[in-house]
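Asker: Using only what follows, build the 3D model:
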Amino acid sequence: MKSTDSRFINEANHTLNQEVKINNVSNKKEKTMKTIIHRAETRGHANHGWLNSYHTFSFANYYDKERMHFGVLRVLNDDTVDAGMGFGTHPHDNMEIISIPLEGDLEHKDSMGNVTVIREGDVQVMSAGTGVTHSEYNKNKDKLVKFLQIWVFPNERSVTPRYDQISLKDISKKNEFYQILSPNKDDQGVWIHQDAWFHLGNFEKGKSDEYKIKKEGNGVYAFIIDGEVEMNGEKLHKRDGMGIWDTDTISMKASENARVLLMEVPMAV
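Answerer: Predicted structure coming up:
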């Protein structure tokens with residue numbers, strides 16, 4: 001496997017040190033639902049040759065002061081890694097990092113001694129805490145790896161670094177949202193140091209579901225992995241994102257077969 005340079009990682013860390021603003025998000029507690037839509041084609045884009053990445057929020061060389069983050073959701077990258085290539089060893093601290101493979105096999109190594117492979121149908125989480133280094137490589141020489149890379153600001157700094165991954169096969173459901181991440185160690189899915197809940201849903205055309213906000217003051221960022229849906233009256237297509245806050249309930253109906261990720265997060269940073 002070839003190592004890659006980490007210039008874009010350093011650029012991303014530099015971006016994190018810049019002034020952070022919520023994307024026109026009000027912290028007022030009135031219950032007048034607010035939304036923001038990020039169409040797939042408006043995302044930042046960087047093609048490094050070995051890595052083709054789309055950024056929903058400012059990252060590395062892509063900077064938009066109106067798209068720094070959604071509440072504590074800091075990074076949502078849609079990454080495709082060439083065969084045999086990957087992210088060389090690089091550091092993180094005080095960030096909750098979640099990876100959701102969509103296709104292929106991604107090999108993980110870190111300074112905590114973990115050496116694992118994550119595949120489609122898994123979810124990986126790493127609490128960087130006081131500091132950790134890691135690498136992620138496309139394990140295969142003849143296939144692409146596609147995965148979502150998600151960073152969430154923690155609610156507790158300088159924790160002991162930790163790593164976990166699970167298979168979703170035993171908990172996945174059809175035509176309803178199922179939980180894959182929460183703040184609670186004993187809940188379904190993985191857990192992080194934040195009052196956040198992630199749900200996935202695989203829906204057939206015409207099927208619908210409703211999601212209820214779990215904590216007052218939280219919002220939900222929906223990312224359409226595949227297909228087309230109508231969410232709270234808005235048409236969303238593949239790789240579109242929609243932030244919703246100041247509401248208690250979100251409704252969704254699949255206009256065609258669809259896979260949807262819901263990320264409920266605190267709006268106050």
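
Asker: which stretches of the stretch 1-150 of the chain aren't confidently modelled?
Answerer: Across the stretch 1-150 of the chain, the ranges flagged by pLDDT under 70 are 1-30.

Asker: what are the ranges of the helices in it?
Answerer: 7-16 (DSSP state H, counting those that start in this stretch).

Asker: quick one: contacts for the residue sitting nearest the centre point of the chain?
Answerer: In the chain, the centroid-proximal residue (Cα atoms, centre = their mean) is I150; its distance is 3.1 Å. Residues in contact with I150 (Cβ atoms under 8 Å, 6 or more residues apart in numbering) are L73, V75, L76, N77, I97, I98, S99, I100, M263. Yep, even glycine has a C-beta here, placed from its N, CA and C like the rest.

Asker: among the residues you listed, who's most crowded?
Answerer: Using other Cβ atoms under 10 Å as the neighbour test, those are led by L73, with 28 neighbours.

Asker: so what's it closest to, chain neighbours aside?
Answerer: V265 (4.9 Å; Cβ to Cβ, 6 or more residues apart in numbering).

Asker: How about V260?
Answerer: G201 (4.8 Å).

Asker: same for the stretch of helix or strand that neighbour belongs to, what does it pack against?
Answerer: Using DSSP states H and E, G201 sits in strand 197-203. Applying 3 or more Cβ pairs under 8 Å, 6 or more residues apart in numbering; DSSP states H and E, one finds that strand 197-203 contacts strand 178-182, strand 208-212, strand 249-254, strand 258-266.

Asker: among the ones you listed, which is the most enclosed?
Answerer: The highest average neighbour count among the helices and strands packed on strand 197-203, using mean count of other Cβ atoms under 10 Å, belongs to strand 258-266 at a mean of 22.

Asker: Could you tell me the angle between that strand and strand 197-203?
Answerer: 170 degrees (axes from the mean of the first three to the mean of the last three Cα atoms, to 10 degrees).

Asker: Show the contacting residues for the residue nearest to V260.
Answerer: Shown in contact with G201 (Cβ under 8 Å, 6+ apart): K173, N175, E176, F177, Y178, D209, M252, A258, R259, V260, L262.

Asker: pLDDT and distance to T32 added to the residues you listed, as JSON lines?
Answerer: Below are the contacts of G201 laid out as JSON lines (pLDDT from 0 to 100; distance: Cβ to Cβ, whole Å):
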{"residue": "K173", "pLDDT": "95", "distance to T32": "32"}
{"residue": "N175", "pLDDT": "98", "distance to T32": "30"}
{"residue": "E176", "pLDDT": "98", "distance to T32": "28"}
{"residue": "F177", "pLDDT": "98", "distance to T32": "24"}
{"residue": "Y178", "pLDDT": "98", "distance to T32": "30"}
{"residue": "D209", "pLDDT": "98", "distance to T32": "24"}
{"residue": "M252", "pLDDT": "98", "distance to T32": "20"}
{"residue": "A258", "pLDDT": "98", "distance to T32": "28"}
{"residue": "R259", "pLDDT": "98", "distance to T32": "30"}
{"residue": "V260", "pLDDT": "98", "distance to T32": "24"}
{"residue": "L262", "pLDDT": "98", "distance to T32": "21"}
